[in-house]
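>>> Below is the sequence, then the predicted model.
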Amino acid sequence: MRGGLNFDIAHLLAGSLVLVSFLQLYQDRLYALLNIFALHALVLALSVAWQAYVQSAPHLYVTATIALVFKAIVIPVALHRIIVQLGIHREIEKVVGVGTAMLLGMGLVALSMVVMLRVTAEADPLAREDLAFALSVVLLGLLMMVTRRNAVSQVVGFMSLENGLVLAATGAKGMPLVVEISVAFSILIAFIVIGIFLFRIRERFDTVDLQALDSRRGERQ
Amino acid sequence: MSFDALAAVLIIPAVAAGLLSVLPGYRLTARLNVIATFGTFVIALSLFFGRPPQGPYLHVDDLNNVFIVLTTFVGFTTSVFSASYIGHELEIGRLTPAFLRFYHAMYQILMFAMNLALIANNIGIMWVAIELATLTTVLMVGIYRTHEALEAAWKYFILGSVGIALALFGTILVYMAARPVIGEGLDAMVWTMLVARAAEFDPALLNVAFVFLLLGYGTKVGLAPLHAWLPDAHAEGPTPISAVLSGLLLNVALYALLRFKMLLAVNPNAVAPGPLMVTMGLISLVFAAFMLYRRRDIKRMFAYSSIEHMGIITFAFGMGGPLANFAGLLHMTMHSLTKSAIFFAVGHIAQVKGTQQIANMGGLTETNPVLGWGLVLGVVAIAGLPPLGIFMSEFLVVTSTFAREPWLAMVLVFGILIGVAALFLRLNTIAFGEPRGATAEAKASYVPMFAHLALVFIAGIYMPPALVSWFQNVAKLLG
């Protein structure tokens, strides 16, 4: 029953990723949020590595390593430093409360299950569960981006969204390496961009709270 | 020359970007920028005559040939405009020489990314190229480092990234749909393979994929309700970037959408993508037309006008059929030319007046006759008055819709009229009446603006038969 075990472990890891996404939703301190994001990336790395083993696709180990080194270690450490430098390790403001966010999150997961499981009825079960979980992670990342106002937590939301995309890409068996590398690479670029932005924002506004930015929104008289 | 022409469209901007990022001096770099874009344009033109064989990564067909030539042409004229615009910005100290290097390098990288997105034969590479184009424009929008510029860039970055992420999910789903039919590996992402076998794909998976792609690339096209980044990005960045954004980048995103629409059109069991595009197009059109009224910032106003016209174009392609597709293509070309011409005029006007607020502009036709009348001509063209090119294309869109869906045509005409009225209301304050604001002499290069307007004018009166048959051919291809 090797096939059964393979499936179970892949399922477990992908499911854990969704759970960690939920953990992210209700963190109200930036440090804790970063730690959970590191955990998110770690689970992703394990999941990708397991897919690499199951599909005997060695190139996926590269993707797993990138996820582990870059997203689980380098980025959280760097963001940690930025937070210290900016002195913003206070509570996160939220647009909606924890309860509402969790309920919305559950709704989104249910939605992605209904959509993906229905349309992928003929695909092999592993890919289809993976895809459903991946969509859940993507939607939860989106939810996090809209429920946070702080620039750092929006960035974390965006990165967990990208984690969901990597999960989907590795679940799609035999998808060319080009794409995986480019996803990882684009995250790198995105991160540099964000880093630059954060510093500029700090220079100009002395805050990374997007509400300060929003105050200048719209038609200026 | 076979494969070389296609590669050269990518290599020239890439090499130029490298050079421009290290070379100092405004005169030298601005000229190099112009030369590089001109070279790219000439090579793109040569694709009309000799077409390289398609490979697994790059290809050129009737559809993207039109897009490449348009992109490289507007890229070239914008670089001419940019030279004089940036010269002025350096003089008044809004840009420093270090940012100049950065600006020129980014301009070439943007050209590279757009060309790559257009000629990529692989849906993965196309996605990477569009993401690259997004990131470079984010950096350019934020280049002035003001409150507003940073806010605009951040908003653009967040919304653009979400759009891009959704598009990637859609791309993965297309691969999943293709894999059982074509087999694992690279082939299942190659465009030409996909379209050949699309009829056998799982229709349910394709449907979901298209929804993600429509939302994802639709954000980049600027379709309402995903348009929020567009007015800010246009208003706060340097004007040459506004011209390139409106004239080109929106088209590139639309091109990606059209490619996937063709995929769905081949599959008999997939949902028809037309109604979705028609709905989003009409919403964008009517919404943007009403938004035009309350604008006080001139660049923001024309940004909303871009949303309006992208709505019309998406609507036309959504209707489908040879006539509507033809009209959509024509409208896209005319809109690119006209809107970038308007932004060329607006850029110089804002420099003369020292502001972008419409309230501080007035009587331009008296104080700066060439610039003022150039803007008037541009707005007349974009409003779709005869005998200019946009009249032709809008007329075609409307009549082809009346023949098939009279009710939709009513909404379409309503939206267009609302938009036209708003534009003329504002144009009246800007171009005529008492002169207001600074009245300095404009040090402008008028050639790009009038070249575009002349092309639009000629197209309104006489379309060369070769071009007509080319567009008809593409329209048939789009189904």
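On my side now, so go ahead.
>>> Now do the strands in chain A.
Ranges of strands in chain A, per DSSP state E: none exist.
>>> Minimum distance to chain B, which residue of it gives it?
The nearest approach of chain A to chain B comes at A:Gly174, 2.9 Å away (Cβ to the nearest Cβ). Quick note: C-beta positions are derived from backbone N, CA and C, even for glycine.
>>> check contacts around that residue.
By Cβ atoms under 8 Å, 6 or more residues apart in numbering or on different chains, the contact list for A:Gly174 reads A:Gln55, A:Ala57, B:Arg179, B:Glu184, B:Gly185, B:Ala188.
>>> Ok, B:Arg426 next?
B:Arg426 makes contact with B:Leu292, B:Arg295, B:Ile298, B:Met301, B:Ile358, according to Cβ under 8 Å, 6+ apart.
>>> wait, the last one sits on B:Arg295?
Right, B:Ile358. Yes: applying Cβ atoms under 8 Å, one finds B:Ile358 in contact with B:Arg295, separated by 7.2 Å.
>>> Common neighbours of those two, please.
Shared contacts of B:Ile358 and B:Arg295, defined by Cβ under 8 Å, 6+ apart, comprise B:Met301, B:Arg426.
>>> if we can go back for a sec, please identify which of the contacts of B:Arg426 is nearest to chain A.
Nearest to chain A out of the contacts of B:Arg426 is B:Arg295 (Cβ to the nearest Cβ; 7.3 Å).
>>> Report the separation between the closest one and B:His234.
11 Å (Cβ to Cβ, to the nearest Å).
>>> near chain A too, which of the contacts of B:Arg426?
The residues of the contacts of B:Arg426 that also fall near chain A, by Cβ under 8 Å from any Cβ of the partner chain, are B:Arg295.
>>> between the contacts of B:Arg426, which is closest to B:Gly328?
For the contacts of B:Arg426, the closest approach to B:Gly328 (Cβ to Cβ) belongs to B:Leu292, at 21.7 Å.
>>> Next, count neighbours for the closest one.
By the criterion of other Cβ atoms under 10 Å in any protein chain shown, B:Leu292 has 22 neighbours.
>>> ok, now the one 4 residues further on?
By the other Cβ under 10 Å criterion, the neighbourhood of B:Arg296 contains 15 residues.
>>> circling back to that earlier point, now secondary structure and pLDDT too, for the contacts of B:Arg426, in JSON lines please.
Converted to JSON lines, these look like this (DSSP: H, G, I helix; E, B strand; the rest coil; pLDDT from 0 to 100):
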{"residue": "B:Leu292", "secondary structure": "helix", "pLDDT": "90"}
{"residue": "B:Arg295", "secondary structure": "coil", "pLDDT": "86"}
{"residue": "B:Ile298", "secondary structure": "helix", "pLDDT": "91"}
{"residue": "B:Met301", "secondary structure": "helix", "pLDDT": "92"}
{"residue": "B:Ile358", "secondary structure": "helix", "pLDDT": "85"}
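>>> Now the most centrally placed residue in chain A: closest residue in space that isn't a chain neighbour?
In chain A, the residue lying closest to the centroid (Cα atoms, centre = their mean) is A:Ser160, at 0.7 Å. Once flanking residues are discounted, A:Ser160 sits nearest to A:Gly141: 4.3 Å by Cβ to Cβ, 6 or more residues apart in numbering or on different chains.
>>> my guess is B:Val74 contacts B:Lys339, does it?
No: contact status for B:Val74 versus B:Lys339: not in contact, 9.5 Å apart, counting by Cβ under 8 Å.
>>> Find the residues that touch each one of those two.
Common contact partners of B:Val74 and B:Lys339 (Cβ under 8 Å, 6+ apart): B:Ala243, B:Gly247.
>>> of all of the stretch 301-450 of chain B, which residue lies closest to chain A?
Closest point on the stretch 301-450 of chain B to chain A, by Cβ to the nearest Cβ, is B:Gln357, at 8.2 Å.
>>> residues contacting that residue?
By Cβ under 8 Å, 6+ apart, B:Gln357 lies in contact with B:Arg296, B:Asp297, B:Ile298.
>>> and if you look at B:Ile43?
Counted by Cβ under 8 Å, 6+ apart, B:Ile43 has contacts B:Ala5, B:Ala8, B:Val9, B:Ile12, B:Thr72.
>>> Can you say which helix or strand has it in it?
Assessed by DSSP states H and E, B:Ile43 sits inside helix B:26-46.
>>> For residue 131, grab the count of nearby residues.
This is for chain A. 28.
>>> actually chain B
26.
>>> Return the distance of it relative to chain A.
5 Å (Cβ to the nearest Cβ, to the nearest Å).
>>> Which parts of chain A are helices?
With helices called from DSSP state H, chain A shows them at A:2-25, A:30-54, A:59-66, A:75-86, A:98-119, A:125-147, A:151-171, A:177-205, A:210-214.
>>> Please identify the buried residues of the second one?
By neighbour count, and taking 16 or more other Cβ atoms under 10 Å in any protein chain shown as the criterion, the buried residues in helix A:30-54 are A:30, A:33-34, A:36-54.
>>> where are the low-confidence patches of chain A?
For chain A, residues meeting the criterion pLDDT under 70 lie at A:1-3, A:86-95, A:123, A:177-221.
>>> Dump the helix holding B:Ile43 to PDB, restricted to CA.
Output in PDB follows, covering the C-alpha atoms of helix B:26-46 (Å, rounded to 0.1, in the frame of the first residue of the first chain):
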ATOM      1  CA  TYR B  26      21.600  63.000 -20.500                       C
ATOM      2  CA  ARG B  27      22.300  63.700 -24.200                       C
ATOM      3  CA  LEU B  28      24.000  60.400 -24.900                       C
ATOM      4  CA  THR B  29      21.600  58.200 -23.000                       C
ATOM      5  CA  ALA B  30      18.400  59.800 -24.300                       C
ATOM      6  CA  ARG B  31      19.800  59.400 -27.900                       C
ATOM      7  CA  LEU B  32      20.800  55.800 -27.300                       C
ATOM      8  CA  ASN B  33      17.300  55.100 -25.900                       C
ATOM      9  CA  VAL B  34      15.700  56.500 -29.100                       C
ATOM     10  CA  ILE B  35      18.100  54.600 -31.300                       C
ATOM     11  CA  ALA B  36      17.500  51.300 -29.500                       C
ATOM     12  CA  THR B  37      13.700  51.600 -29.700                       C
ATOM     13  CA  PHE B  38      14.000  52.600 -33.400                       C
ATOM     14  CA  GLY B  39      16.100  49.600 -34.100                       C
ATOM     15  CA  THR B  40      13.600  47.400 -32.400                       C
ATOM     16  CA  PHE B  41      10.800  48.900 -34.400                       C
ATOM     17  CA  VAL B  42      12.600  48.400 -37.800                       C
ATOM     18  CA  ILE B  43      13.200  44.700 -36.900                       C
ATOM     19  CA  ALA B  44       9.600  44.300 -35.800                       C
ATOM     20  CA  LEU B  45       8.500  45.700 -39.200                       C
ATOM     21  CA  SER B  46      10.700  43.200 -41.000                       C
END
